[in-house]
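1. can you look at this prediction? I've put the sequence above it.
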Amino acid sequence: MLIAKTIEAGPPLKIALEGIMDETVDLKTLLAAPGSPIYLYCKNVKQINSVGMKQWINFFKELRASGRKVKFFEISPVLVDARNYSKGFILPEELESLCIPYYCTSCKIVTMNVLTPTQVRELLKSSPEALEEIPCSKCKQPAELEEVADEYFEAIIRG
Amino acid sequence: MKTSSSTPSKLVLLSERKEDLVFSQSLSQRCGLELRSEKKLLSQKKIIELLMSGAHVLIDSGLPKCLDILAGIQNDKNAFNKIHFIVDTRDKHILNELFTTKNLVNILFRCYEQPELGAESYSPIIKSLDLPDVHGLEIFLGPNSEIEKIRFDDSLAKGFISNTVQFQLNQFGINELIIPFISSAADELIMNAIYNAPVDNHGRRKHNQESMKASFKLEGRDVVEMQFAISEKGIAISVVDLYGSLSPEAVWPHIARGFEDDRADLGDSKDTGAGIGLARIIRSGGSLYFACKPGKRTEAMVFYRRTETRKEFTHQFQSITVRLL
């Protein structure tokens, strides 16, 4: 089940999405509130299946065609993965920021960092090692990037 | 052509790659097979003789004309079952050739940073291929494994199953970034069994036009069985449908999509999503095993080695078996 929580009525209309995007979700109903542009905060989208991916792509395709603007913020790792795999999932100009996961082997917890695509591109170019670790949110010791950079940032690199 | 029914005694490696040899040495020990290693392809006649004697043959798919072997075997599924092609995931040309080759059964990927771990993962697959039938996870995990068996009779029970899987993975301390990918894999296999497997007498799908939001009873052959197990070393999922409508030839093109460089155009695709699901399972680090019994049942299984980090999880040893029973 996917839940849409209105953060601000706007404009822009700000909505936080939480949960699982699958075949039971009706994005038309969830995002029925009027207002443009829509800012979607997606750090808590925990899972998406193949039918959910198709529905997402088709829904936002229609939304774009209707002239309604959308921006995506803090997209979660599962959405980054889905975007890397499929065309038209989130367009480059719609992506405002993404979550980047780091894992601390001492605390066994994940620390999320949020960067914009521009920041990622600049770091990949100037100092890719800066993307490889950040301080663990608990022990402050280095937590390592939980993904292979070239793969995780594939869609951003492609543009 | 008839293969020997006696216990196979040999594992034959045809590759000049050192890492393939290390992998095969470990695999032969685990399977109790005598290893024979050759750096080049043997003649088709010789390979067929080896297969008929019950040997498993591992072939580096980079060796010229190695796929011709499959064409040389005439309708002996036991022989097909014992040919294993080793391939590098980066070698797109060979992958494309493999995925379109008729009678392909086993592929294993040369991503064994630790060949012993790869051999540990692959040895139950080798052993299963010597059995005339497979049913359930027990033969892969051992008789004392704790396997949860679920049989559900309502289409919307899938959501509950997905939550159960997530809960158990949490209980076992699986990394929170890995859980969604395992849970998704279970979800995809169940969805395939509910919506894509059931066919009418004319082979037309019964449910794919039905709203996936609606609840409907799964009765008779529509009942779906699932097994799920988390052991110290691995995680395994099995989903069985009682239609057996999936043909081995239909599986490979879906899997091939997981290796395409171009991003998939899902919005326009007609399928309900199961094909995409299989590709995503492969991309997330899963090994797939399909046991297809036409008209009777299909068992789809996913295996993962337990890892601490998602990076290790995604890049673990992987194999694909698509077997006709």
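-> Received, thanks.
2. how about the helices in chain A?
-> Taking DSSP state H, the helices of chain A run over residues A:27-30, A:50-65, A:77-85, A:117-126, A:149-152, A:154-158.
3. give me the angle between the second one and helix A:77-85.
-> Comparing the axes of helix A:50-65 and helix A:77-85 via axes from the mean of the first three to the mean of the last three CA atoms, to 10 degrees yields an angle of 70 degrees.
4. now do helix A:50-65, average pLDDT.
-> When pLDDT is averaged along helix A:50-65, the result is 92.
5. mind telling me which residue of chain A is nearest chain B?
-> Across chain A, no residue is closer to chain B than A:Ser50, which sits at 3.3 Å (CB to the nearest CB). From N, CA and C alone the C-beta is placed, and that goes for glycine too.
6. just for the stretch 101-250 of chain B, where's the confidence low?
-> For the stretch 101-250 of chain B, the stretches with pLDDT under 70 are B:112, B:208-211.
7. list the buried ones in stretch B:287-298?
-> B:287-293, B:297-298 (16 or more other CB atoms under 10 Å in any protein chain shown).
8. near chain A, anything from that stretch?
-> No. Contact of stretch B:287-298 with chain A is not found when judged by CB under 8 Å from any CB of the partner chain; the minimum separation is 14.7 Å.
9. now do the end-to-end distance for that stretch.
-> With CA to CA, to the nearest Å applied, stretch B:287-298 spans 17 Å between its terminal residues.
10. that stretch - what's its average pLDDT?
-> Mean pLDDT, computed over stretch B:287-298, is 94.
11. same check on stretch B:37-45?
-> Mean per-residue pLDDT for stretch B:37-45: 92.
12. burial measure for residue 119, as a count.
-> All of this refers to chain A. 15 (other CB atoms under 10 Å in any protein chain shown).
13. not quite, go with chain B.
-> Per other CB under 10 Å, the neighbour tally for B:Ala119 reads 22.
14. please name the nearest non-neighbouring residue to it.
-> In this structure, B:Ala119 finds its nearest non-sequential neighbour in B:Ser26, 3.6 Å apart by CB to CB, 6 or more residues apart in numbering or on different chains.
15. please apply the same query to A:Ile156.
-> A:Pro117 is the one closest to A:Ile156 (CB to CB, 6+ apart), at 4.8 Å.
16. and what of A:Gly19?
-> For A:Gly19, the closest residue by CB to CB, 6+ apart turns out to be A:Leu2, at 4.5 Å.
17. equivalent analysis for B:Val223, please.
-> Counting by CB to CB, 6+ apart, B:Asp153 is the residue found nearest to B:Val223 once chain neighbours are left out, at 5.6 Å.
18. check contacts around that neighbour.
-> B:Asp153 is in contact with B:217-219, B:223, counting by CB atoms under 8 Å, 6 or more residues apart in numbering or on different chains.
19. make CSV out of those and add secondary structure.
-> Below are the contacts of B:Asp153 laid out as CSV (DSSP: H, G, I helix; E, B strand; the rest coil):
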residue, secondary structure
B:Lys217, strand
B:Leu218, coil
B:Glu219, coil
B:Val223, coil
